[in-house]
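A.B. asks: Give me the fold of what follows.
(2 chains)
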Amino acid sequence: MLVKVKSAALFGLNALLIEIEIDSHKGLPGQTIVGLPDAAVKESRERVKSAIINSKFEFPEGYFTINLAPGNIRKEGPLYDLPIAIGILASSSQLAADFEKLLFIGELSLNGEIRPVSGVLPICCSAKGLGIDKIFVPFENREEAALVQDIEIIPLKTLKEAASYLNQEIEIVPHKINIDELFNHDDFEQDFSEVKGQYFAKRGLEIAASGGHNLLLSGSPGSGKTMLARRFPSILPPLSHAEALEVTKLYSITGHLKDKASLITKRPFRSPHHTTSNIGIIGGGRLPKPGEISLSHHGILFFDEFPEFEREVLEVLREPMEDGNVTIARAAGSITYPAEFLFVAAMNPCPCGNYGDQIKSCSCTPQKINKYLEKISGPLLDRIDLHIEVPRLKKEELIDKNPAEPSAIIRKRVIHARNIQKERFNSKLFSLNSRISPKYIRKFCELTADAELFFNNAITQLKMSARVHDRLLKVARTIADLDDSELIEANHIAEAAQFRGFRQ
Amino acid sequence: MGIESYHLGLLGEDEASEYLLRKGYKIVGRNFRSSQGEIDIIAYNGETLVFIEVKSYSGRSYLTPLGAILKNKKNSIIHAAKYYLYKNKIKNVNCRFDVLAIYRYFNETSEIELIKGAFDAC
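C.D. replies: Presented below is the predicted three-dimensional model:
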């Protein structure tokens, strides 16, 4: 008897329909799986057999051919266990159902329980377009699956439960969640009120958050660079529904979603260690998976100890920083993942960390400092709009007991500035100052007469490259927005130029 | 193979046949040989054609029945089964490989265990 059960395979952020055909005929006992299965899919034979027997079903006699169609796509991962088991039970008449509009995903454990798999959310998102009405998902994946509202999600704990449901012996209520409710809690453990002093750096972070500019924090050890960076998410505006869904999809593919957190409602903050490989940063694999830059989509990618990263790793960041996405090509196909992140780097000014410090003296030779800084190439540095020095705290600042300005207030100003930008760019492809394309830069960054004069002087004196020139204008635009000013004035340009002090 | 274990084996196969008959199996062949292997008992269990490997264990043995059916032995049984199907022109019949284990204890008692569908043909 031939049975067809539907499942899905992930290709980037899209899911493709996989039809699992199961044919049984009489003869010597055995099963084969065909249709380009990888090792995990081949192993499902053993899991399915044990799961069926341990769920008190009978494993049918005869020879089974299991075909995963279409045959030209490589099938990965253990998510086909459940559809294969369902198909085998159906082909031996142990259950009966119309499989036309049903989709199954799930890994089986040997005792017949259904285990969670990765990539459930993107599969559910694509399912409607594939003509599916009902999706059977592992119980532990139910929260992320239910983010897709227009499709029925049936959470399953065991194979037995699945069979009983399909035989209409039991009822399972489709899982539903209230998305708005998930957005309600909006608390951060860390707050800017805990950071004393560092007004210049805080102002820089506020500008960066408002306009989506990348930034570099440089200062002696213990001055608070990492502390500032970790609090950065608390001043960014909350994620919109659409953004949250995009981020959650990426986390679903990599299997980073835990049971409780179905939807990622906070902006991601990724801080990869400096030994991370370039594949780990941009993503990769035989069937490319998202890397750190995509996992920090709509959030922050933080590189602590910036110059300690391999030069190769830093260079791969260049294109995604400009484009807001990354295309990874492999033999299996090329996949584009979004990567619109805010880049934050922290570094010491020299290997010993005391260069430029007012109290401690630096013990590095000039050659050593040069070697240390050489790692960071000019083109990469060009892409970082704000270079912020974070000096050691003064004694008075250290003993000051008054809490500093809390994040909530800074965040309000940031949201206000972002709203101004959104209105200004309303129908364009971008919504942040840092993303203004060269075509529009003069249109949106209008200067007053004396600002123009001041800017012309700055160009010659600071020996600006064309890119730096554009970047400086964009930063000045953001500062003007924070100031509620329609045109960019001279003091906005001046402040923006202050943030480009590094190595110039 | 020592003469002792050879006789133990023969004794076991007789005992196994009786046991299978009691269980409703219809025995159609014994000690069927192909160039590469041998099947101890061939029987019908309802509609299903069953190839049965008999294993006798004296108290001295420390192997378990399935542990004793090593890969080579398994392959030789499968080879013989395929040859049997071919020779007798049997098609469209469900087949199964069973293992029947006889445990003999020092006090002259024995115990029989039948493992249905002990392995697959691939």
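
A.B. asks: For residue 96, give me its contacts.
C.D. replies: I went with chain A, as the question did not name one. A:90, A:166-167 (Cβ atoms under 8 Å, 6 or more residues apart in numbering or on different chains). (Each C-beta comes from the backbone N, C-alpha and C, glycine too.)

A.B. asks: Chain B is the one I meant
C.D. replies: A:29, A:61, B:45, B:48-51, B:116-117.

A.B. asks: element containing it?
C.D. replies: strand B:95-104 (DSSP states H and E).

A.B. asks: Buried residues of the helix or strand hosting A:Asn370, list them for me.
C.D. replies: Assigned by DSSP H and E, A:Asn370 belongs to helix A:366-374. For helix A:366-374, a neighbour-count test (16 or more other Cβ atoms under 10 Å in any protein chain shown) marks A:369, A:372-373 as buried.

A.B. asks: Which parts of the helix or strand that it is followed by count as buried, going by neighbours?
C.D. replies: For helix A:366-374, the following helix or strand on the C-terminal side (DSSP H and E) is helix A:378-382. Going by neighbour count (16+ other Cβ under 10 Å), the buried part of helix A:378-382 is A:380-382.

A.B. asks: just these: which has the poorest pLDDT?
C.D. replies: Within the buried residues of helix A:378-382, the minimum per-residue pLDDT falls on A:Asp382 (80).

A.B. asks: right, and that residue touches A:Val468 too?
C.D. replies: Yes: contact criterion Cβ atoms under 8 Å: A:Asp382 and A:Val468 qualify, at 5.9 Å.

A.B. asks: Look at the closest residue in space to A:Ile73 that isn't next to it in sequence and give its secondary structure.
C.D. replies: In space, and not counting its chain neighbours, A:Ile73 is closest to A:Ala9: 6.0 Å by Cβ to Cβ, 6 or more residues apart in numbering or on different chains. For A:Ala9, the assignment made with DSSP: H, G, I helix; E, B strand; the rest coil gives strand.

A.B. asks: before we move on, back to that, contacts with chain B among the buried residues of helix A:378-382, please.
C.D. replies: Applying Cβ under 8 Å from any Cβ of the partner chain to the buried residues of helix A:378-382, one finds that nothing falls near chain B.

A.B. asks: Smallest gap between chain B and chain A, at which residue?
C.D. replies: B:Ala121 (3.7 Å; Cβ to the nearest Cβ).

A.B. asks: Report the contact partners of A:Glu144.
C.D. replies: A:120-121, A:124, A:248, A:252, A:257, A:262-263.

A.B. asks: low-scoring stretches of the chain, by residue?
C.D. replies: Using chain A. Flagging of chain A using pLDDT under 70 yields the residue ranges A:185-186, A:258-261, A:501-504.

A.B. asks: I was thinking of chain B, sorry if that wasn't clear
C.D. replies: B:1, B:59-70.

A.B. asks: what's near enough to touch the residue nearest the centre of it?
C.D. replies: The centroid of chain B falls nearest to B:Glu53 when counting by Cα atoms, centre = their mean (1.4 Å). Neighbouring residues of B:Glu53 by Cβ under 8 Å, 6+ apart: B:39-40, B:69, B:73, B:77, B:97-100, B:118.

A.B. asks: let's see it at 10 Å
C.D. replies: B:16, B:37-41, B:65, B:68-69, B:73-74, B:76-77, B:97-101, B:115, B:118-119 (Cβ atoms under 10 Å, 6 or more residues apart in numbering or on different chains).

A.B. asks: Could you pick out the buried ones from those residues?
C.D. replies: B:16, B:37, B:39-41, B:65, B:69, B:74, B:76-77, B:97-101, B:115, B:118-119.

A.B. asks: strand partners of the helix or strand harbouring B:Lys55, parallel vs antiparallel please.
C.D. replies: Following DSSP H and E, one finds B:Lys55 within strand B:48-57. Applying DSSP bridges, strand B:48-57 is found paired with strand B:38-45 (antiparallel), strand B:95-104 (parallel).

A.B. asks: could I get those strands as JSON lines with distance to A:Glu152?
C.D. replies: Shown next, in JSON lines, are those (distance: least, Cβ to Cβ, whole Å):
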{"stretch": "strand B:38-45", "distance to A:Glu152": "43"}
{"stretch": "strand B:95-104", "distance to A:Glu152": "40"}
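
A.B. asks: Nearest to A:Leu239, out of those?
C.D. replies: Among the strands paired with strand B:48-57, the nearest to A:Leu239 by Cβ to Cβ is strand B:95-104 (57.8 Å).

A.B. asks: Please state the offset of the closest one from the chain centre?
C.D. replies: In this view, strand B:95-104 has its centroid 5 Å away from the chain centroid, taken as Cα atoms, centre = their mean, to the nearest Å.
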